[in-house]
Structures are given as structure tokens and as C-alpha cells.
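S.K.: here's a sequence, model it:
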Amino acid sequence: MTRHAPLAALCLAATALASPAYAQNVGASGEKRTRVILGPQLSPSWPGAKDLSVGPYIDVSREHVGTEFTFEAADESFGGPLIQSGNFAFGPSLGFIGKRTAADIGADLPKVGFSFELGGFAQVNLTPALRVRAEGRKAVSGHKGWVGEVSADYVARRGDDWLFSIGPRVTLGDARYKNAYFGVTPAAAATSGLPAYDVDGGIQSVGLTAGYHRMLGRRWGVAVYGRYDRLVGDAADSPITRQLGSRSQPSAGIALSYTFGGSR
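M.R.: I've put the predicted structure just below:
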């Protein structure tokens, strides 16, 4: 699930947005089961940060008994499908980014408050093993800009016993979002000592994510994921990135899963 989020907000979102997956075969009884994944993860403290922060790795999935859990990438935002038609699904998505202060970054730059992002996603399974997904979200606090991500995942699995996924990521942002984290206004240049720098909207980074989940028994399992993003373009060339941050943006998480509400 989405990164940079405080535990309370993540738990609330996970509880509110946990929804039935859109697998095609429904168990005859109509009974549902739930799988909760919970553990720690490391991720950049904010876009472009060189330091990593510890946060929660959380996922909640529901499915009919007798139907395997629908694939969800560990790094996708919170949300669940509202519209489902064949291999296509559409629904809401939520994102979070923690605040960035001058003390956090080590220079007298404007604070970027906690960002709560609202938006939607669309995804399609081109084949049983290949899913393509696009997200777009608007921050109602913090950076106040638009962000997006386009991803593709190759999925190999044996039912719910084990699942492996890997695929590319492209993240995007509008000028308001990217200037909040990578831009330096003339006023900020005077106080921080950094050169003034204006950022255009567009691609922010390219990367790759891999994840693995394996059941250890009837109820318990273990999940791990790793992601690496590389800032590109004007985000990579920003003096904030070059002098105070990093172009490399790694993330990783490990968690236990527990399935309840029916046989696996």
C-alpha cells in the first residue's frame, strides 16, 4: 500500500476501504474471508529524500470462500473497485505523504504539510498473468498538486499458496506538486543558499517493484516487497535533490498475513 503514511491514517484507510476483490468465480455459499497483512516498511521520508523512514506495511483483502484473493501490489494506494466489468476495474484511491519541514531537510526551505490525496484508479488484466494500472490523485492538503502513477505487473501464483509479482513503475506530478518538493523560489533561494529552480510537470521517476506472499499454514503467511525508483528529469536535476536529497528512492517491507472467516 501507499508509502509515507502515519499508522493511524493507514489503519483507518485500510479499515474503511477494504472491499471484496473482483475475481470471477464466487463460492456457492456466499461466505467471505478476510486476509490482513501487517508489518514494517522502509521508504523515503518524502519525495526526493535521502533518508528512509519506518512506517506500517498494511493490506486488507476480502474474497468469497473458494475463490483466490485477487492480486494487489504492495505499493499501490488504498482503494477498492467500485465498477467491475470483465477484466476491467475502476475505483477510488487514497494517498498520503508526511510533512517536510526545514529542520527535516536541513535547509531553510518552505514547509510542505501533511498531504492527503484523493483520486481514482483504473486497471485491466490483459492476460491472467499481466495487469496494467493507472492512478491519479489530487492533494487536498500539503502540496495541493496532482500526482499519478502508471504500473504493470507480471504475476505468477499457485492459488493462494504463493504469489510472486514484478513490474515497472512510472510516477508523475504536475508543476505544483513537483515545485513543492523540488523547486526553489527566489525567496527560498535567498534564505537557503540554494539556487532558484523552477520545475515543470511531467515524469518524476521510473522504477521497478517486486513482491512475494507465501502461506505458512492454513491461516498464517509472510509477505515481502522491494521497490526501487530513480528520479529523472528536472526532479533529478533539482538542487534540493543534488545537495540535500537523493535520486535513488528505495523502499522495502516485510509482514505477516492472517486469513480468517472460512477455510483457505
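S.K.: so Pro81 makes contact with Gly91?
M.R.: Yes. Counting by CB atoms under 8 Å, Gly91 is a contact partner of Pro81 at 4.3 Å. Every residue, glycine included, has its C-beta placed from N, CA and C.
S.K.: pull up the per-residue confidence for the residue of the chain most remote from its centre.
M.R.: Taking CA atoms, centre = their mean, the residue of the chain most remote from its mean C-alpha position is Ala190, at 34.8 Å. As predicted, Ala190 sits at a pLDDT of 95.
S.K.: what about the spatially closest residue to Ala196 that is not a sequence neighbour, which helix or strand?
M.R.: Leaving out its chain neighbours, the residue that sits closest to Ala196 by CB to CB, 6 or more residues apart in numbering is Ala189, at 4.2 Å. Per DSSP states H and E: Ala189 is located in helix 186-192.
S.K.: run the chain-centre distance for the following helix or strand past that helix.
M.R.: Using DSSP H and E, the helix or strand that follows helix 186-192 towards the C-terminus is strand 202-215. Strand 202-215 has its C-alpha centroid displaced from the chain centroid by 9 Å (CA atoms, centre = their mean, to the nearest Å).
S.K.: and if you look at stretch 135-147?
M.R.: Worked out by CA atoms, centre = their mean, stretch 135-147 lies 14 Å from the chain centre.
S.K.: returning to what we had before: what separation do you get for the residue farthest from the centre of the chain and Lys138?
M.R.: Plainly put, Ala190 is 31 Å away from Lys138 if you go by CB to CB, to the nearest Å.
S.K.: swap in Ser45?
M.R.: 22 Å.
S.K.: then Tyr225?
M.R.: 26 Å.
S.K.: between the two, which has more neighbouring residues?
M.R.: Taking neighbours as other CB atoms under 10 Å, Tyr225 and Lys138 compare with Tyr225 leading, 20 against 16.
S.K.: so where does the more buried one fall, helix or strand?
M.R.: strand 220-231.
S.K.: on contacts alone, who are the packing partners of that strand?
M.R.: Applying 3 or more CB pairs under 8 Å, 6 or more residues apart in numbering; DSSP states H and E, we find strand 220-231 packed against strand 32-44, strand 52-64, strand 162-173, strand 202-215, strand 248-260.
S.K.: need those strands in a markdown table (columns: mean pLDDT).
M.R.: Formatted as a markdown table, the helices and strands packed on strand 220-231 follow (pLDDT from 0 to 100):
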| stretch | mean pLDDT |
| --- | --- |
| strand 32-44 | 96 |
| strand 52-64 | 93 |
| strand 162-173 | 98 |
| strand 202-215 | 98 |
| strand 248-260 | 97 |
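S.K.: of those, which is nearest Leu109?
M.R.: strand 32-44 (16.5 Å; CB to CB).
S.K.: for that closest one, packing partners?
M.R.: Partner elements for strand 32-44 (3+ CB pairs under 8 Å, 6+ apart): strand 52-64, strand 220-231, strand 248-260.
S.K.: which residues are in contact with the shortest one?
M.R.: Okay, so that is strand 220-231. If you take CB atoms under 8 Å, 6 or more residues apart in numbering as the criterion, strand 220-231 is touched by 35, 37, 39, 41, 48, 57, 59, 74-75, 169, 171, 204-216, 236, 241, 246-259.
S.K.: next, the angle from it to strand 162-173.
M.R.: If you take axes from the mean of the first three to the mean of the last three CA atoms, to 10 degrees, strand 220-231 sits at 30 degrees to strand 162-173.
S.K.: strand 220-231: what's the following helix or strand?
M.R.: Next element after strand 220-231 (DSSP H and E): helix 233-237.
S.K.: check the first one too.
M.R.: Beyond strand 52-64 in the direction of the C-terminus, DSSP H and E gives the next helix or strand as strand 83-85.
S.K.: what packs against that following strand?
M.R.: Packed against strand 83-85 by the contact rule (3+ CB pairs under 8 Å, 6+ apart) you find strand 88-97.
S.K.: list the buried ones in the strand it packs on?
M.R.: 89, 91-97 (16 or more other CB atoms under 10 Å).
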